[in-house]
Each structure stands twice: as structure tokens, then as C-alpha cells.
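1. Build me a structure from this.
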Amino acid sequence: MKQLQNVWQDKVAVLSLSIITVTTVAGIFAPFVAPHDPEEVHMELRFASASWEYLLGNDHLGRCILSRLIYGIRPSMLWVFAALLLSVSIGSIVGVLAGYFRGKTDAFLMRVCDVILSFPGYVMTLAIIGILGVGFENIIIAFVLIKWAWFARIIRTSVMQYAEADYVKFSKAIGASNLGIMIRHIVPVTLPDIAVISSSSFGSMILQISGFSFLGLGIQAPEAEWGMMLNEAREVMFSRPEMMLVPGLTIVIVVSAINYLSDTLQVVLDPKLMTSSHKLQGLETASVVKLEGKAGA
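-> Have a look, this model is predicted:
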């Protein structure tokens with residue numbers, strides 16, 4: 001509870017959480033929040049300026065930019081979050097098994113992870129897209145096939161810290177099953193680490209999916225997605241810079257909020273970082289007091 005209070009005392013963290021919450025809710029209820037159909041074409045409103053009916057104006061086909069921005073939350077954020085959950089789930093299972101059993105199980109699973117991680121992520125993603133074809137679903141599949149190995153390696157390291165703890169040895173001594181020990185004793189203590197690495201990866205995955213869509217490898221027209229909106233506005237970036245500014249700022253704001261909230265969670269959930277931050281604040285306060293004392297003298 002005290003840790004949660006520290007989060008609520010951080011105004012920037014609260015603002016970041018509010019941005020993420022509002023964006024997520026808007027994406028879930030996009031049909032009710034968006035003022036217009038995002039795919040409805042009005043050529044007479046082509047490149048129209050902002051008005052009360054179209055708050056952010058219209059694009060090159062006269063479509064409502066605000067509506068497309070809201071519907072773009074679903075692929076850019078919600079579907080990426082679903083891919084993240086699936087990747088973390090697979091990586092957690094593999095990491096817990098490898099870190100708990102060790103030996104041959106650990107060696108086999110980690111060699112599989114080494115093979116996957118030996119190739120650059122973007123190269124592997126492009127290779128999978130080349131095999132499966134262009135499309136948003138294929139990018140999500142590529143993310144899951146690549147990301148789980150990275151999560152498995154990190155979670156394995158976390159599990160190994162607790163697998164030899166006294167309470168785990170005691171559970172084995174009284175005849176508890178390996179599955180029961182992993183569920184009751186190993187998984188709960190690794191949840192903070194899983195939460196931190198998941199939140200830190202969320203922002204980078206949003207940037208990656210937007211980047212692939214910007215290159216034309218993700219969602220295809222006429223569906224809305226932030227990266228594709230940037231791609232569509234590329235041809236008029238000098239004559240109509242606001243067309244790129246809206247989706248670009250949205251990506252920057254959302255990813256910045258996610259990254260800051262991730263950093264806050266890492267400090268809150270890791271007592272060592274919390275202690276070091278308090279020490280740093282104490283040293284800064286002491287330095288200020290000394291300087292003021294010298295000035296007063």
C-alpha cells in the first residue's frame with residue numbers, strides 16, 4: 001500500500017497513467033467516442049481545416065482525422081498490448097521452467113532462445129512478413145514469435161534468484177509438487193519483474209508497429225492506424241504539416257507516458273532503486289543546506 005501511495009504522490013506518474021487510461025478507454029469504446037465514421041469519404045472536405053464538426057480537420061480524402069485517430073488506438077495500442085500479453089505469457093512459462101528445473105531443461109530451452117535472439121529483431125520480423133505476407137496480423141504474429149524468447153531469458157534470471165530459497169526447499173521437503181511450488185511460491189515473487197519488463201517493452205512495441213505501418217507493411221487502407229496516418233500525410237508534409245503533427249504527437253505522448261510510468265513502477269517495485277533514490281535526494285538536500293549555510297555566513 002505504501003508503494004502505491006508513492007506512485008500517487010508522483011504527479012507526472014499520475015498524469016501518465018491518466019493519459020494511458022483515457023486513451024485505452026477511447027480505443028475500446030471507439031464507435032461511441034468517435035464523432036464520425038473513420039472510413040467515410042467526403043472529397044468536398046479534402047484538406048479542410050478544423051471546425052466544430054471536424055475538430056482536427058479532414059485528410060486527403062475528406063475523412064475525419066479525429067475519428068481515425070481514435071480508431072487507430074485499437075491496432076496501435078490495444079492489439080499491441082494483446083501481443084505483449086501473449087509474448088509475456090509464453091516467455092514466463094519458458095522462463096519459469098528453465099529457471100526452476102535447470103539442468104538439461106534449462107540448457108535446451110535457453111539454446112532455443114539463443115537461436116531466436118541471435119538474429120536482429122527487425123530482420124526476423126521482415127523475414128516473417130516476407131513469408132506470411134504483408135498485413136497487421138502477420139506483424140503481430142512476428143512480434144509474438146520473436147519477443148517471447150527475450151522475456152523468457154529475463155524471467156529465467158529472476159526465477160533463479162528464488163528457486164534455491166529456503167521456503168522453496170522446505171516445500172520440496174514436505175512433498176509439495178513442482179507445479180504447486182512454481183504457482184504458489186515462484187510466480188508471485190517474479191510478478192514485479194514481469195510487470196516492469198512488460199511495461200518497458202510496451203512503448204517500444206508501439207513504436208515498432210507504427211514504424212512498420214509507416215513503411216506500408218502493417219495495416220492497409222482504408223483502416224486507421226497511427227503509423228499509416230503518418231504515411232498518408234507524408235506527401236503533404238511541407239504544405240500541410242499538421243497532417244503529420246497530429247498522429248506524430250499522439251505517438252510521442254502515449255509512448256512517453258508509458259515509458260515514464262514504467263520507470264516509476266521499476267523504482268516502486270525495486271527496493272534497491274527506491275533506497276538509492278532516497279539517498280540521492282538526501283545528498284542533494286544536504287548539499288543545498290551546506291550551500292545556504294555558507295551563503296548565510
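
2. Might you list the low-confidence residue ranges for the stretch 151-297 of the chain?
-> In the predicted model, the stretch 151-297 of the chain carries pLDDT under 70 at residues 269-297.

3. give me the element residue 69 is part of.
-> Element membership for residue 69 (DSSP states H and E) is helix 65-71.

4. Residues contacting the helix or strand just after that helix, please?
-> Next helix or strand after helix 65-71 toward the C-terminus (DSSP H and E): helix 73. With CB atoms under 8 Å, 6 or more residues apart in numbering as the test, helix 73 has contacts from 23-24, 26-27, 30. Where you see a C-beta, it was placed from the backbone N, CA and C, and this is true even at glycine.

5. swap in stretch 249-258?
-> Contacts for stretch 249-258 (CB under 8 Å, 6+ apart): 15-17, 19-20, 23, 69, 72, 76-77, 199, 202-203, 206-207, 210, 226-227.

6. Sitting in helices, which of the residues you listed do you find?
-> Members of these lying in helices (criterion: DSSP state H): 15-17, 19-20, 23, 69, 199, 202-203, 206-207, 210, 226-227.

7. quick one: which of those residues is nearest to residue 160?
-> Within the ones in helices among the contacts of stretch 249-258, the smallest distance to residue 160 is 22.2 Å, found for residue 199 (CB to CB).

8. what's near enough to touch residue 80?
-> So residue 80 contacts 140, 143, 202, 205-206, 209 (CB under 8 Å, 6+ apart).

9. which element is it on?
-> helix 79-101.

10. If we go by neighbour counts, what in that helix is buried?
-> Under the neighbour-count criterion of 16 or more other CB atoms under 10 Å, helix 79-101 has 79-80, 83-84, 86-88, 90-100 buried.

11. mean confidence score for it?
-> Mean pLDDT, helix 79-101: 91.

12. helix or strand right after that helix?
-> Once the chain leaves helix 79-101, the next helix or strand it forms, by DSSP H and E, is helix 103-117.
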